[in-house]
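Engineer: I'll drop the sequence and a predicted model, then ask my questions.
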Amino acid sequence: MMKNGESEVNMEVKNETSIQEFILEVFPAIQHLGNLLFLVHLLAYLASIVGNMVIIIITWADHRLQTPMYVLLSTFSFCECCFITTVIPKLLSIFLSGRQTISFSACLTQAFFSFFLGAIIFFLMAVMSLDRYLAICKPLHYAYIMNLKVSFLLISLCYSLSFILITCLVLKVSQLLFCGPNIISHFFCDLIALIHLSCSDTRSFEIYLFFVTSFVILLSLIVTIIAYSNIVVTVLRLPSAKERQKAFSTCSSHLIVLSLMYGSCVFIYLKPKQVNRLDSNREAALVNTVVTPLLNPVIYTLRNKQVHQALRDTLSRVRL
């Protein structure tokens, strides 16, 4: 049995070696291009925020857009804004100042919100796919099945389920011991990169992380695939070639964004061995933090006449 003195010494060693801050490696190969990287990411960030905020504002300013589809879309845009805000501002400060350190508590906070909001976004994409399926494949039953009350209930479910799963995940990380090194091979506090720095036994955590990410991504992906498969079948049955072309044009643009998001996340999180591929994870994560938030407002509103009309009406009211 361990003596009390030995136990106290071990506890002191743990306290002394437990690190209090991490260093975000960001992009070491092109770190010398800090000013250029700052400008590129700043413009992408501002464009994403403005584009998504426009969707949110016109949805709630125009009563014609206060329907389940646009409520889901505005919630999706809000989560996108929050998601990139958890990552990009810190990245911008690193490019500008060169200070790459982040405290342990700030790192866990960033990890929690990035995973929490990311999970909500995936669940919302599944719900939005179902909404489109009902609108296109079951138009006569749509108003009965999907209304504002149901849409708010589904949004609440997305938030609640994500909060429970990610809170348990981050609490497990907070119990790990980190005693060096403290360099995170990423541009934000990604949990995969973080756990590789732990000197605790992380096998059970890695299993739980794999389970949570698999559940979130695969559940959303399966629902989305089923919904869009039925949409494609329904579109192919349309009598007018012009209607088919228009429907496929809209669906194809949606599928491009979905493919980018699901493809990058499957590549990052749904592989059993992560240790030797952290660099590729970093590049793939850029798709979700920079590319898709920039594309989403364009993809979901570019061909939407209702949104165009609502935007014109809102701007005309502002001028008056």
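Structural biologist: Good, I have the coordinates.
Engineer: for the chain, just list every one of the helices.
Structural biologist: 4-17, 34-61, 68-97, 104-137, 139-145, 148-174, 191-195, 203-236, 241-269, 278-286, 292-301, 305-319 (DSSP state H).
Engineer: with Ser185 as the reference, name the closest of these.
Structural biologist: Smallest distance to Ser185 across the helices of the chain (CB to CB): 4.3 Å, for helix 278-286. Bear in mind the C-beta positions are built from the backbone N, C-alpha and C, glycine included.
Engineer: quick revisit: tabulate the helices of the chain in CSV, adding columns for mean pLDDT, mean neighbour count and distance to Leu24.
Structural biologist: CSV is the format used below for the helices of the chain (pLDDT from 0 to 100; neighbours: other CB atoms under 10 Å; distance: least, CB to CB, whole Å):
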stretch, mean pLDDT, mean neighbour count, distance to Leu24
helix 4-17, 44, 10, 21
helix 34-61, 89, 17, 13
helix 68-97, 91, 20, 6
helix 104-137, 92, 21, 9
helix 139-145, 87, 11, 46
helix 148-174, 93, 16, 16
helix 191-195, 84, 21, 9
helix 203-236, 89, 16, 20
helix 241-269, 76, 16, 17
helix 278-286, 71, 17, 10
helix 292-301, 79, 21, 20
helix 305-319, 68, 13, 37
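Engineer: out of these, the one nearest Asn182 is which?
Structural biologist: helix 104-137 (9.2 Å).
Engineer: name the helices or strands packed onto that closest one?
Structural biologist: Helix 104-137 sits against strand 21-24, helix 68-97, helix 139-145, helix 148-174, helix 191-195, helix 203-236, helix 241-269, with contacts defined as 3 or more CB pairs under 8 Å, 6 or more residues apart in numbering; DSSP states H and E.
Engineer: kindly recompute the last result at 6 Å.
Structural biologist: Helices and strands touching helix 104-137, by 3 or more CB pairs under 6 Å, 6 or more residues apart in numbering; DSSP states H and E, are helix 68-97, helix 139-145, helix 148-174, helix 203-236.
Engineer: how about the spatially most central residue of the chain, nearest residue that isn't a chain neighbour?
Structural biologist: With distances taken as CA atoms, centre = their mean, the residue of the chain nearest its centroid is Gly118 (3.0 Å). Ranked by CB to CB, 6 or more residues apart in numbering and with sequence neighbours excluded, the top spatial neighbour of Gly118 is Phe83, at 6.2 Å.
Engineer: isn't that neighbour right up against Ala119?
Structural biologist: No: if you go by CB atoms under 6 Å, Phe83 and Ala119 don't touch, sitting 10.2 Å apart.
Engineer: to Phe112, which of the helices and strands packed on helix 104-137 lies closest?
Structural biologist: Of the helices and strands packed on helix 104-137, nearest to Phe112 by CB to CB is helix 148-174, at 4.5 Å.
Engineer: any idea how far Thr292 lies from Pro89?
Structural biologist: Computed with CB to CB, to the nearest Å, the distance linking Thr292 and Pro89 is 18 Å.
Engineer: go on, Tyr208?
Structural biologist: Computed as CB to CB, the Tyr208 to Pro89 distance reads 29 Å.
Engineer: same question, Val54
Structural biologist: Separation of Val54 from Pro89 (CB to CB): 20 Å.
Engineer: picking that back up, relative to Asn288, how far out is the residue nearest to Gly118?
Structural biologist: Distance, Phe83 to Asn288, by CB to CB: 8 Å.
Engineer: for His141, same thing?
Structural biologist: In terms of CB to CB, His141 sits 34 Å off from Asn288.
Engineer: try Ile55
Structural biologist: Taken as CB to CB, the span from Ile55 to Asn288 is 18 Å.
Engineer: how about Ile49, what does it touch?
Structural biologist: Counting by CB atoms under 6 Å, 6 or more residues apart in numbering, Ile49 makes contact with Cys81.
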